[in-house]
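J.: Return a 3D structure for these sequence lines:
(one chain, ligands or ions: 1)
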Amino acid sequence: MQSFLSYLSAKVPSARILEYEPLSKHTSFQIGGPARAMVLPGKPDDIPELLRCAQEAGERVLVMGNGTNLLCPDDGIYAVIIKTAVSFAGAWAEDDTLTADAGCLLSRAAVTARDAGLSGFEFAHGIPGTVGGAVVMNAGAFGGEVRLVIRSVDYCDTDGIRKTLHCHPAMFGYRRSPFTAHPELTVLSATFGLNPGDPDEITAHMDALRCRRTASQPLELPSAGSVFKRPEGGYAGKFIEEAGLKGCRMGGAMVSEKHAGFIVNVGGATCDDVKRLIEHIQAKVKFRFGVDLECEIRFFGVTS
Ligand SMILES: Cc1cc2nc3c(=O)[nH]c(=O)nc-3n(C[C@H](O)[C@H](O)[C@H](O)COP(=O)(O)OP(=O)(O)OC[C@H]3O[C@@H](n4cnc5c(N)ncnc54)[C@H](O)[C@@H]3O)c2cc1C
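T.: Model (predicted):
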């Protein structure tokens, strides 16, 4: 690995390489041991080149956005992790189209759309991830969803070959996209089709959604958002609350008192604490209601 990293820094000099970087510093859960190497691209073209070099050398690569939907192992991940959420990543609006780099934060993309008088991306403003992560997860909130506005995705494979996918809503499902089951594909950018709108009204809409989020979610504590997908017949949070699990704790991981669909890190939580709590919740909810809760959060670096 060491010689590969030296090769990488010569081949892609604009990228920053951090060795043994704690993943807890890069995930909203604040959980995770060291990544053998974390690579921060210095420009958009770095990503395909980094992937190509790793493929050539047979090194394992994982891609993360802003780490807001991830649970990482306590003993870290022996791989090269490319983090796309970097400062150069931006968004542009032209006519009715918003284009954004994969690493652009959704909040920034939503503000770019608003400033260009484009409506339809407000739902994404308060989701703390990147455009790439949102495409992969088909992120959604308050009735809005990536699949309803996405037009195309530029992506590349492990050889660094770029391709474009023209999207149709039917290609996406609940927290699922054509990329969800294909970690070998990396989203580089995406375009979204939006409608003309008044910037003041768009701001008011985003503010209203922020208030709803602040009132209902434990944003003051580290978490990875909703832990479980919405099961048939109700909301995960409601089943968990009715099973009496609010406040239930394993080590530093606790079912939020504010929103039972969230597990929060109340201090020093480990990946193992969260996993044990997830299993406990799943068993209790299955026993009480016969409902299977499936995880929405991704177990990063775990091969299944
Ligand atoms: C407080 C809080 C509130 C949240 N609210 C919502 C909500 O309302 N709605 C919602 O849908 N989600 C919500 N989330 C979850 C999360 O923000 C979303 O799933 C988001 O889309 C993840 O983006 P990310 O950049 O952080 O991706 P990451 O967490 O970094 O990665 C998620 C997955 O996408 C993959 N990935 C990321 N970028 C790329 C890329 N460029 N190419 C290929 N694969 C990639 C990763 O490998 C991983 O499998 C919330 C999370 C938190 C902490």
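J.: Within range of the ligand, give me the residues from the stretch 201-304 of the chain.
T.: With Cβ under 6 Å from any ligand atom as the criterion, the stretch 201-304 of the chain comes near the ligand at residues Q217, L219, S223, A224, G225, R298. No exception for glycine: its C-beta is placed from N, CA and C like everyone else's.
J.: can we see that at 5 Å?
T.: G225, R298 (Cβ under 5 Å from any ligand atom).
J.: residue ranges for the helices of the stretch 201-304 of the chain, please.
T.: Taking DSSP state H, counting those that start in this stretch as the criterion, the stretch 201-304 of the chain contains helices spanning 236-242, 271-289.
J.: again with the stretch 1-150 of the chain
T.: Counting by DSSP H, counting those that start in this stretch, the stretch 1-150 of the chain forms helices over residues 2-11, 46-57, 106-115, 131-137, 146-149, given from the N-terminal end onward.
J.: orientation of the first one relative to helix 46-57 in degrees?
T.: Between helix 2-11 and helix 46-57, the angle formed by their directions is 140 degrees, by axes from the mean of the first three to the mean of the last three Cα atoms, to 10 degrees.
J.: What are the contacting residues of helix 2-11?
T.: Residues outside helix 2-11 that contact it (Cβ atoms under 8 Å, 6 or more residues apart in numbering) are A15, I17, E19, A37, V39, E49, L50, C53, A54, A57, E59, V80.
J.: buried stuff in it?
T.: By neighbour count with 16 or more other Cβ atoms under 10 Å, helix 2-11 contains the buried residues F4, L5, L8.
J.: will you turn those into TSV that also has distance to the ligand?
T.: TSV is the format used below for the buried residues of helix 2-11 (distance: Cβ to the nearest ligand atom, whole Å):
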residue	distance to the ligand
F4	21
L5	21
L8	18
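J.: quick one: which of these is nearest C248?
T.: L5 (42.3 Å; Cβ to Cβ).
J.: check contacts around the closest residue to the ligand within the stretch 201-304 of the chain.
T.: When you check the stretch 201-304 of the chain against the ligand by Cβ to the nearest ligand atom, the closest residue turns out to be G225, at 2.5 Å. The contact partners of G225, taken as Cβ under 8 Å, 6+ apart, are S28, T68, N69, P128, F262, E296, I297.
J.: Among the residues you listed, name the ones in strands.
T.: Judged by DSSP state E, the subset of those located in strands is F262.
J.: that older thread, quick one: which of the helices of the stretch 201-304 of the chain is nearest G33?
T.: Among these, helix 271-289 sits nearest to G33 (Cβ to Cβ), with 8.3 Å.
J.: Which strands or helices does the closest one pack on?
T.: Contacts of helix 271-289 with other secondary structure elements, assessed using 3 or more Cβ pairs under 8 Å, 6 or more residues apart in numbering; DSSP states H and E, are made with strand 70-71, helix 236-242, strand 249-250, strand 253-255, strand 262-265.
J.: Can you lay out those as CSV showing mean pLDDT and mean neighbour count?
T.: Formatted as CSV, the entries for the helices and strands packed on helix 271-289 read as follows, by pLDDT from 0 to 100; neighbours: other Cβ atoms under 10 Å:
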stretch, mean pLDDT, mean neighbour count
strand 70-71, 98, 24
helix 236-242, 97, 20
strand 249-250, 98, 18
strand 253-255, 98, 25
strand 262-265, 98, 26
